[in-house]
Every structure is written in C-alpha cells, then in structure tokens.
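Student: Give me a 3D structure for the following:
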Amino acid sequence: MKTLLRGVVLKEYLTFRTFIVKVIGLTMALSSSLPLGKEGPFVHIASHLATLLSKWTIFMPHAQEDSYLNKEILAAACAVGVASTYGAPVGGVLFSIEVTSVFFPLRNYWRCFLASLCSAIVFRLLTVAFAEAATVEAFCPTSFPAEFPFDILYLIPVCLLGAMCGLFGAAFVHLFKLWTKLIKQTKWVLNITKRSPFIYPALVVLLIATLNCPALCGKYFAGGLTSKESVEYLFQNFSWTNVPKNSTINDNMNKYWSLEKTNLFLPLTLFTMNMFWMTAMSITMAVPSGTFIPIFVTGAGFGRLFGEIIPVLFPNGLPTINDVPNITPGGYAVIGAAAFSGSVTRAISTSVVVIEMTGQTTYFLPTIIAVLVSNAVCSRLQNSLYDTIICNKKLPYLPPIPPTSSAVHMVTAKDIMIDTVHYLTLNTTLGEMVFLLRKYPNLDVFPLVDSKGEFTIIIIIIIKTFRYFIKLKNFLESMILLGCIRTSELVKLIWPKQPNVELFEEKYHQSRSTTDDSNYLKSNNSLYNNSSLIKKILLQQSVCERPGEEALQWLNDKNTLRDSNAEDSSQLVIIEDYFQVTNFGNILGKSIQSALKKNRNMVLLPLLKLHERRHSQEDTNTIERWISGHWNDKLKYDNIEIDPTSVQLLERSSLHKIHTLFSLLGLHILYVTKLGRLVGVVSLKELREALENVPTFVPR
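Tutor: Residues are numbered from 1 along each chain as shown. The predicted structure is shown next:
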C-alpha cells in the first residue's frame, strides 16, 4: 500500500478476484497456528472494499478519475484496516499514516478518524455478539495500579529496555533479510519452489507446528496458546514467582508454561526466542498475513522477561525517595511490546495502539519514552521491516533522508541528474518517434522541447599582426521545455483511419437482418480503437497468439467440409467473411465464448481461431503500411494531451529539496532546467542511489 499510495500502478492488486483470494487465504493462514498477523490483509481488504465502493456509489462518481481523491480514500481504508484489527481508532489512524503514507493531507484527517471509529465500534460489538466478551471492552484489558504507578527513577530501566528492544528489532530485520536472501539464492530451495509453490509453505508449517505441539516441546513455551491468549498471560499484573495458589490461572500457568517443573525464565526465554525466529521465517511465505501481531507478542515476551529479571537484581526495588510501588512485570511487558514493534515498524504510534489495546494509560509515559529510544537505536542500524520488504520485492522505493547527514544540503541536482535526455521536439517526425518508442519501451513520459539541443560551431578568423587566429564559438540552440507527453498519448498520433465495414453489411444482411451489430461495428471498430495493438507493433512484439495445431489440422482436413451440408457451408463462408472484417470476439460476449470452450467439436471454434490470426495480421499490416507511408511526416500535437506544468528543478537545487518534492507530490521523475532549457532528468532511481551514498558522495 505504501508504493500504491505513492502513485505506483500495481496490476491486479485491487481487483475483485484478488479480494476473494485474500479473504480465503487469510482465513486459512490464521487457522494454521502460525505466528502470523492480520493487519496487513485487513488493510488490503479494506482498500479493496473502498475501491469497489468508489466505483459503485453515486456519491463519488469521479473518484477513479481523480488520483488524489482515490489516494485519500485508500488512506482512509488503511486506517480502517488497522483499527478493525485491534479496535484502536486513534492508534489505527496514526499507525496507518506512519506506515503507509509519505505525505498525509490534513483535510483527510476527519475521514480517516470517522471511518476508523466506525470500524472499531463494529469490531467491539461483534465480540459481544459472538459471546467472546460480556460487554464492550478493550482488546486485551489490564488492571495495573493507577494511583501511584511508578517513580521517576524507574525511567532508567525503561530507557534500557527501549535500547535493547531497538537492538533486537534491528536483529529481527537483519534475520529476515538473511532468510529472504537464502531462499532466493540457494539452489536447492529454488529447485523446490520451481517444482511447486506449495512445498516451501508446507515445510515451514510442518516445522513450526511440530515445535509448537503441546504434547511435545510446546508445553514448555505455551505452544498451545494463540497470540491473544499469550498476550493475556504476559500482561498479568503479578510476578510469575507469586502466582495465586488454588486458582484457575495457576492451573493454566502450569499447563501452558510448566512453571512447577522448570524455572520461569526458561519458558519465557524459549517463548521469546521461538517467536523471534518463527515470525521471521513465517512472513517469508507467499500467504496473506501481517507482521504486527507476532512482533507485538515477541516484544511482550521480551518485556516480561526483563520485568522478571529486575526484581531478582533488585529485591527491595530501586532506591527511590517516595514509597512508590515498582513497575510490575506486566507493565514491562506492555512497554516491551510497544518498543519492539515500534523499532521493527519504525512507528511511534505503537505506544498509542498499546494504550488503546489495554484500556489503561497507567504506563503511557514510560511506553512512549521506550518507543522513542528503540526507534532511535534501530534507525541507525536497519531500515524498517516494511521498507525492507519493498526493497526485496524491487518495488519503487524512496528512502528517508539520513538523520545526521548535512551532505543532503550540499549535493545538488546537477550532481545526480542524467545528462542524456530522450525528448521530442516540435519538428519531430513520425519515424523518429517510433524509433524512440522502440528503443526505450520502459519510458512512460517523454519531454517536449521547442527544438533540438545541437551545438552550432562558428569559425571566426581574426587577422592580427599577420597571424591567423581561429576562434570557435558554440551556440546551443533553444531547448526550452514546453511540457511532457505520455506514451499512451503518443500512440494516438499513429492510429490509422477507420476501415470500411460495408463489405460485411452486404453479406451479413443477405442471410440475417439486424441493425444492432452493424451500428456496433460503426461505433466500436476494433482496429480503430485497439491502441494496445498499435503499441505492441511499435515495440515489435507479437500481437496475437498463434492458433492451435488442432484447429490448423481441422482446417486442412478436406473431409470435414466435405461431410457438412451445403447450408452449413454457406453459413460458414458468411461467418468467415464476418470474421475478416469485424472483431467477432467482442460481439460474441462471454456467454457464447464460454459455450465454445465447453464444446471443442463445434464447427465455429476452428474458424474463430483462424479469425484471430487473420484479423491480427490484417491489423498489423494495415498499421505498418500507414506508419511507413507517413514516416517522414511531422507530428501534430493538436489532438493529444500535453502536460505543460511538468515539475522542474534548477541545477543548484539541493538533494533535500528534491527529496521533499518527490515525497509531497509522489513523483517518479523531475526535469532539470537552466534558464528554461532542458539539461537533465532526475528519476526515483538516481535519487535513491544518492540518498544511500550521501556520506561518500562526491559532487561533480
């Protein structure tokens, strides 16, 4: 979602088919007892619903056309997904902003809060409706003492806990990177994944489920508990050395944590370390899953372990002036959960999420201090987990500005720009444009300048004291940037004229009287409207799929046509002529095409396959003849859209300013100008490389 909100187009990401797969896959993944979360799929599902509602509703008819409004709707959907995961409306909005948005407009605040509040209310009411709770309550309610919660001296171990969570958060991200690299580069793992994509997830599930089995090793580290149940035990406000006797909780502690047989530090250590590496392994699987909940549980286990060690080191508590009770081990578990999840996700709002999940603000100040310390430590060592996933998937990624580097103000656009720019002019011919499209098929936008940037060499001979001096002067022709044109608009410049369909109408009306089809052909001719076909021809790609061998053999078989009667043969000739002039596939519709797939022995199917080849070849030849006939014609930009407000920079613009423009506007490319002349271009790739190498960057 972070890359999607930056303007990157991800195909099939928000379609209805992906929505169905995500819902079914999430249900199966959560029932597998793996350490997986659900906030990521919930955000994806909420974005699906927002996209579908924006298409169907009558109140937002222009939501799909307006990219900025669409991004605001998706940002509100992200807040809904997070809020419906934990029942935390405020923390959900703040967390979604920190994780998914690079720049967030304040005008969208009320939409996000309203949507997340509604989702949180529904989430908590559903827990009551399904008898999971007696009344509306927090996700994981706690009962810490609120009158005198802690002394100011206890902020020292809190800061220490935050620093340790930052180190462990960096180690977690590094372990995830190593494991991902192992999967992608190890030959035997690649061979397994190539055979079937289900083998690797099956092996991971088998390993983790075996270790978590309560009858085996799981009885020593709460292997039979879910994530929510584990958090409830870790957030208890009493020490595990003083569990209330003769109570239900005592029996459950012995059942799941084996406190009677072992020391309490063994199950806590095993639980924390197993959650640590199991989570890093589980999130590498290609299944719908989130990461926040298992990371949250891991941090809670580490905080509980830290909180149980403090009374051992200081039996009488820390030396304080006032007689104030110590921070309970459950309080350290809350602080550790927020600090560890904040360091991994690089979000400060995890402190707010934890407060809303527990329903208490008792340890809010220590929590936010620990989160700040853990973020400061982890940010110097590793990127966030979400940015690491984006880099592993090779999606467009804009790293943050280094926190302690002043070089971002010294490096300029001239130092990082690309000097060689591929552009169009007012005198560009059709052949030159086709050459650019074929040579650079990955470029989506081409700048438009008034004339070419060629150097004119003027030789001036000066006679002075009987000597000849030759003086060379270079005059750069005007290269004023006029705007930019998308490739989809350039394709419109080479559309051939609409072919005549009267040939079909004469033959078709002789056998069948209708007016709807002919009107459809006049208004929706496939050759005239098929811009994707023209673009493929420009890129020298195959424009159609070759017909199957079965159809060709059928057509070459004379006995087939010989056995058919005269009436059927005449109809087949009419159908074949119909194919040659029209795009029969569009008129057939999905119902008839599905019927053709079911009955492979129909006479119409081979002719339909033959039509696909003939029709595409005729279109290809027509377009290529039209291009060759107008090869030297100048382009006419009257009927296409030109963006005259393309974002441009000066040569002396700092790297900090460039990063700000890319972040605020969601840009992918910037043009560098000098006195209005186009001199270079800066893309997301050059900016990312410059930010990653700022300390060692040498200006030109």
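Student: Residue 73: neighbouring residues, count only.
Tutor: Here the number of neighbours of residue 73 (other CB atoms under 10 Å) works out to 21. In short, each C-beta sits where N, CA and C put it, glycine included.
Student: Spatially nearest residue to it (excluding sequence neighbours)?
Tutor: Excluding the flanking residues, the one nearest residue 73 by CB to CB, 6 or more residues apart in numbering is residue 50, at 5.0 Å.
Student: right, and the secondary structure at the one you found would be what?
Tutor: helix (DSSP: H, G, I helix; E, B strand; the rest coil).
Student: try residue 218
Tutor: helix.
Student: do you know how far it is from residue 270?
Tutor: Separation of residue 218 from residue 270 (CB to CB, to the nearest Å): 10 Å.
Student: Next: residue 653.
Tutor: From residue 653 to residue 270 the distance is 54 Å (CB to CB).
Student: what helix or strand does residue 391 sit in?
Tutor: Using DSSP states H and E, residue 391 sits within helix 385-392.
Student: Can you name the residues in contact with that helix?
Tutor: 2-3, 99, 172-173, 176-177, 180, 291, 295, 344-346, 382-383, 397, 399 (CB atoms under 8 Å, 6 or more residues apart in numbering).
Student: and what of stretch 108-122?
Tutor: Contacts to stretch 108-122, defined as CB under 8 Å, 6+ apart, come from residues 46, 72, 75-77, 79-80, 82-84, 87-90, 92-93, 96-97.
Student: at 10 Å what do you get?
Tutor: Stretch 108-122 is contacted from outside by 42, 46, 50, 68-69, 71-73, 75-97, 101, 104, 129, 136, 139, 356, using CB atoms under 10 Å, 6 or more residues apart in numbering.
Student: So which of these are in helices?
Tutor: 42, 46, 50, 68-69, 71-73, 75-86, 89-97, 129, 356 (DSSP state H).
Student: can you give me the helices in the stretch 201-350 of the chain?
Tutor: Ranges of helices within the stretch 201-350 of the chain are 227-234, 248-257, 265-282, 292-313, 329-345, 350-358, based on DSSP state H, counting those that start in this stretch.
Student: Need the winner for burial among those.
Tutor: helix 329-345 (a mean of 31; mean count of other CB atoms under 10 Å).
Student: Can you name every helix or strand that that one contacts?
Tutor: Helix 329-345 is packed against helix 89-100, helix 155-185, helix 227-234, helix 265-282, helix 292-313, helix 350-358, helix 364-379, helix 385-392, with contacts defined by 3 or more CB pairs under 10 Å, 6 or more residues apart in numbering; DSSP states H and E.
Student: Of the ones you listed, which is nearest residue 414?
Tutor: Closest of the helices and strands packed on helix 329-345 to residue 414 is helix 385-392, at 27.3 Å (criterion: CB to CB).
Student: I'd like the mean pLDDT over that closest one, please.
Tutor: Regarding helix 385-392, the rounded mean pLDDT is 86.
Student: ok and it relative to helix 89-100, angle-wise?
Tutor: Taking axes from the mean of the first three to the mean of the last three CA atoms, to 10 degrees, one finds helix 385-392 and helix 89-100 inclined to each other by 30 degrees.
Student: Just the buried positions in helix 385-392, please.
Tutor: 385-390 (16 or more other CB atoms under 10 Å).
Student: circling back: give me the buried entries from the contacts of stretch 108-122.
Tutor: Using 16+ other CB under 10 Å as the threshold, 42, 46, 50, 71-73, 75-97, 101, 104, 139, 356 are the buried ones among those.
Student: pretty sure residue 326 is touching residue 151, no?
Tutor: Yes - at 8.4 Å, residue 326 counts as touching residue 151 under the criterion of CB atoms under 10 Å.
Student: More neighbours: the two, which one.
Tutor: Just comparing residue 326 and residue 151: by other CB under 10 Å the higher neighbour count belongs to residue 326, 21 against 18.
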